[in-house]
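# Here you go, sequence then predicted model.
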Amino acid sequence: MAVHLIHLNLWNEGDSPDEARIDREIEMLVNDQSSAEEVAKIIDDIVTADREKALSAYTESLTNIGSGEKPEEHNSPVPTPQPMGWQHFV
């Protein structure tokens, strides 16, 4: 008996490596190749790390602005908002 995998086609050109990993993990969950607990842990780790990077960049930008540096002179830009956020996974 052949195994048929369900392809969700969540991947979009331009997705970050983290977004691509989330896409793969969700597809593995749907195809019963990973448990819900494993996938939830991986996605939580990815989202938490992304949030921490964004907070760090934001905090650093405030520190630099407070020191008189103009935002455009700062080498580590604050990530731009993504209005769709994680909704494209739903």
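That came through fine.
# from here on, contacts and neighbour counts on C-alpha atoms
Noted.
# show me what contacts S16?
Contacts here follow Cα atoms under 8 Å, 6 or more residues apart in numbering; on that basis S16 touches nothing.
# per-residue pLDDT, N64?
In this model, N64 is scored at 69, pLDDT.
# again with Q87
At Q87, the pLDDT value in this model is 64.
# quick one, helices of the protein?
For the chain, the helices defined by DSSP state H occupy 17-30, 36-66.
# Turn these into JSON lines, columns for distance to I6 and mean neighbour count.
Converted to JSON lines, these look like this (distance: least, Cα to Cα, whole Å; neighbours: other Cα atoms under 10 Å):
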{"stretch": "helix 17-30", "distance to I6": "7", "mean neighbour count": "18"}
{"stretch": "helix 36-66", "distance to I6": "16", "mean neighbour count": "14"}
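# Lowest average pLDDT across those helices?
The stretch with the lowest mean pLDDT among the helices of the chain is helix 36-66, at a mean of 88.
# Quick one: work out the angle between that helix and helix 17-30.
Note on geometry: by axes from the mean of the first three to the mean of the last three Cα atoms, to 10 degrees, helix 36-66 and helix 17-30 are set 160 degrees apart in direction.
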